[in-house]
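Engineer: can't give you the sequence, but here's the structure:
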């Protein structure tokens, strides 16, 4: 005890709401037990959701990782007990909007069987990186409420030395006692966690644990546990919201975190005491974060107390143990009465950040009365812990004066609710600020979008003008050439005559060659018929397509990673957005790779059987539908029409996409790759559509043949299903003979068509010395490959 | 499931607008009692009649504006306006004068701007100034204080009679110039001589006036104690008024502006400082802004009292600064946590 009384600072404003903490402090922490089912959201933290690494039906052991962190700012999820994964699906999650999110559902088996795990005996023997990695592996995220992944927070940078490590045991919200009881019962674990954190962060000056003076037992327990460690317990006067990270820093050090900055900028790292305990368990015992202490309180619970709860435990399971009286409760709050949010359903699970479930009686927290007019009394400004002018911001928010709101530092509002609490007119001020923040963010995004489209529009206009000018020049040149020619013809009539003859000969030769082609086709068809069965065209092409897509996804991923790295360096706000983009691209890439693998596996084994069975089965299904009286099937004409339309629109889109791509290339836009993929995708869609059309046309012709046979049969057979089956069988026989070559022919024709078109473009591009010539040449080569393979199949 | 879906915070403090207004009304009582003790029942009749008419006008306006009448009447804001105007008017003012005052305050200064919270000017003071300009005779007929004349003070019945214009001529017998007026008109006597020659003067300021002001000071202190408003605006107003009167007291010559005590405890000084300047709707919003706002009102009061045309100046000064309040707000935004400076980046 070097200093007897440490100086603490005061924060501006603050309030003293009724504490209501005694109710839940009457009994010790109790294990809540194992519920029949655990629901584990993949996003229990700030950052990217974890990604599942188990499948439905797997048996998992207690402590086994079931979803791994995705990217840097993320946290993994572990099985809180042993059981079977029964679903990975969207479930209600604890969120202010009452939304659903991806969850892993575990049916517990009651055996609580641990995965083999071990901790380190001496954490000092591990390096900082190893320790942080263990924290990351344990999926620990800030347990005070925000849920920021702890490993990220602990990865302090060497250029920002840390002076002070602060552990937050303030717990300033009324009703909540999870940290208080943790201090009373497990002070030694908190101090052990603090020692690990101290070893990790190496604060040059001091390690403090800040606790409000309304927790004398907790303070005494901590002081006893901390004896001889040099860790200082700092009690300070109770006032809401002292427990906000920025407020606690101000109280303990007198320093303010600069606006838009982090505590590390002023040499401070702040961690919740619950998080410290979790880190201790992770390092010293190898236990991941699978449970936490949660307060269940409020007058609608006859036995309020603190529970050690497995993550994923439904709120209802806890309420049942606490003597919850549903009839007495009209609102259920996750968190405290100042910053908590209401739950719509008791099926939502406890997650890493759930420090309290408050079930107040109607009399305790009555429904809010209607808001009266603001009289600008200024009580809100007196209560604001960050010295805002809430009454002014309220007027600006109502008038949607976003600029003024930002001038009044709306974004420094920590949404503590002190202003709403004191407002004599019952105005829900915080709600106005939240809505305004969302509006401003939206407006900023819209603005960026609008600017981008403006740029694009201007570029397009410029390009069109340029094209027009070029055309004009060409037209002039042609006119000049024609004039010159005419002049030449007048001067030398003979030579022009010979030219004309020569041209005619060439034309006729070309015609002959054309005529030879159909013959060649016919021969090829015949050969194909002899072979009997021709494999579906797709496997090779699909493999190729998927490979192309994977290549492009990889390109995008690299560029996204580069962008992310750049953003991190510059420390922009967009880091998170880029991180999400990287993760999304990764997901896509993985999906594509999976698809490719599946495709390769299936194309080697399956095709023949399924192909043969398919038309028959389809026909049966159609017939059943017919019998049931449903004539939902579209008629052949309709389908033809639809497919033709589809082909036409896809062609249009392709043209548009190619245009965009060329614009992008002109301007050296970063999105060239994306546009190229777009073109490719559209092209493949067009191919598919064309193929479908061809198939459909072939089917129609087959049908025409089989109807005759079928009509004869139908006379004798009463059952349309039977008849349809017969018809289908006939169709199958016919199709294998007929439609395959038609299909191939069709696709060959289309490929030839495309090659011709592309060549035209290529020559145009070469003329104008355009960059895209190379790309076009590439695509011609690809098309020719395809053509060759199609011809090979046919021949 | 049937759980409420509301956003945080879920807890609410004990204060409501109605309770704030009720406290303000209560805090006017000591001053009002002093006025009644020294000048008779005229003030109470004023306040009663003003309350009745103000509530009626408020209800009428709400009806025209299709607003829930009960909900808004319950906020007591019309009553506060009525009390302040009733206290500021000369005791036993004619009923029509009061009615025009409350009508102007409620209909034009308050409801026409959008009702409570939207009015840029303090309704009671705007109405007072309008009446002072329009009806100078009625507005300057103050009762003589108790003990300064031979007759009796106004009883409740008499006050009612005078108010409703029965035999009002007789009121002239018991009126007298206010001490502020007497000092203003003085151009020959030393302050001490003036003091001993005029019956209006008491211990430190006007007879009765000093007690009324003390009463309002007491009520105001109570409101600060209850944190209904902050000390900034009243204190800076009183400080500047004190400073100005110290500077220009000149030891009590015939040209003296009057002593600091005289200014602090005369006319509407304390009523203004604690019940008018602190009107949150029309004043500056930040504490720094309120310091400036109050100081400038104090300055204007002294300037108008001593060198202007009117003996008292609280209403004029407050209205002038109501104009300036948004401007002051613009330059006095407090420094937010984590920012190096306040308003400007």
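Structural biologist: Yes, it's here. Worth saying up front: this structure is predicted, and the values here are computed from it rather than measured.

Engineer: for the residue of the stretch 101-250 of chain B found nearest chain A, helix, strand, or coil?
Structural biologist: Closest residue of the stretch 101-250 of chain B to chain A, C-beta to the nearest C-beta: residue B:117 (3.9 Å). Every C-beta, even on glycine, is put in place using the N, C-alpha and C of the backbone. Assigned with DSSP: H, G, I helix; E, B strand; the rest coil, residue B:117 falls in the coil class.

Engineer: got it, and residue A:680?
Structural biologist: Criterion first, three-state DSSP; result for residue A:680: helix.

Engineer: ok, the closest residue to it other than its chain neighbours to chain B distance?
Structural biologist: Using C-beta to C-beta, 6 or more residues apart in numbering or on different chains and skipping residues adjacent in sequence, the residue nearest residue A:680 is residue A:548, 6.4 Å away. Computed as C-beta to the nearest C-beta, to the nearest Å, the residue A:548 to chain B distance reads 49 Å.

Engineer: Next, the distance between the ends of stretch B:156-171.
Structural biologist: Chord length of stretch B:156-171, first to last residue, is 14 Å (C-alpha to C-alpha, to the nearest Å).

Engineer: Pull out the buried positions in that stretch.
Structural biologist: B:158-163, B:171 (16 or more other C-beta atoms under 10 Å in any protein chain shown).

Engineer: Spit out the contact partners of the closest residue to residue A:341 other than its chain neighbours.
Structural biologist: Using C-beta to C-beta, 6+ apart and skipping residues adjacent in sequence, the residue nearest residue A:341 is residue A:96, 3.8 Å away. By C-beta atoms under 8 Å, 6 or more residues apart in numbering or on different chains, the residues touching residue A:96 are A:341-342, B:7.

Engineer: Include neighbour count when you put the residues you listed into TSV, please.
Structural biologist: As requested, the contacts of residue A:96 are exported to TSV (neighbours: other C-beta atoms under 10 Å in any protein chain shown):
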residue	neighbour count
A:341	18
A:342	20
B:7	18
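
Engineer: Let me know the closest of these to residue B:36.
Structural biologist: In terms of C-beta to C-beta, no member of the contacts of residue A:96 lies closer to residue B:36 than residue B:7, at 49.0 Å.

Engineer: In three-state terms, label the closest one for me.
Structural biologist: State at residue B:7, reduced to three classes by three-state DSSP: coil.

Engineer: what's near enough to touch it?
Structural biologist: A:96, A:341-342, A:428, A:430-431, A:434 are the contacts of residue B:7 under C-beta under 8 Å, 6+ apart.

Engineer: what do you get for residue A:390?
Structural biologist: Residue A:390 neighbours (C-beta under 8 Å, 6+ apart): A:380-381, A:384, A:419, A:429, A:433.

Engineer: If we use 10 Å, what do you get?
Structural biologist: Residues near residue A:390 by C-beta atoms under 10 Å, 6 or more residues apart in numbering or on different chains: A:13, A:374, A:378-384, A:397, A:408, A:413, A:418-420, A:422-423, A:427, A:429-430, A:432-433, B:285.

Engineer: repeat for residue A:120
Structural biologist: Counted by C-beta under 10 Å, 6+ apart, residue A:120 has contacts A:126, A:130-131, A:134, A:196, A:283-286.

Engineer: Inside helices: which ones of these?
Structural biologist: Judged by DSSP state H, the contacts of residue A:120 include A:130-131, A:134, A:196, A:283-285 as members of helices.

Engineer: with the residues you listed in mind, which one is nearest to residue B:334?
Structural biologist: Within the ones in helices among the contacts of residue A:120, proximity to residue B:334 (C-beta to C-beta) peaks at residue A:196, which comes in at 40.5 Å.

Engineer: Can you report how many residues neighbour the closest one?
Structural biologist: Counted with other C-beta atoms under 10 Å in any protein chain shown, the neighbours of residue A:196 add up to 23.

Engineer: ok, and does stretch A:157-171 reach over to chain B?
Structural biologist: No: with C-beta under 10 Å from any C-beta of the partner chain as the criterion, chain B is not reached by stretch A:157-171; the gap is at least 15.6 Å.

Engineer: Compute the first-to-last residue distance for that stretch.
Structural biologist: Stretch A:157-171 has an end-to-end distance of 29 Å (C-alpha to C-alpha).

Engineer: Over to stretch B:124-143?
Structural biologist: For stretch B:124-143, the end-to-end distance is 21 Å (C-alpha to C-alpha).

Engineer: I'd like the mean pLDDT over that stretch, please.
Structural biologist: Average pLDDT, stretch B:124-143: 91.

Engineer: And for stretch A:651-661?
Structural biologist: 81.

Engineer: rewinding a little: a markdown table for the ones in helices among the contacts of residue A:120, including pLDDT and distance to chain B?
Structural biologist: Converted to a markdown table, these look like this (pLDDT from 0 to 100; distance: C-beta to the nearest C-beta, whole Å):
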| residue | pLDDT | distance to chain B |
| --- | --- | --- |
| A:130 | 90 | 35 |
| A:131 | 91 | 31 |
| A:134 | 92 | 33 |
| A:196 | 93 | 30 |
| A:283 | 93 | 33 |
| A:284 | 93 | 37 |
| A:285 | 93 | 36 |
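
Engineer: Quick check on those: which are buried?
Structural biologist: Buried among the ones in helices among the contacts of residue A:120 (16+ other C-beta under 10 Å): A:131, A:134, A:196, A:283-284.
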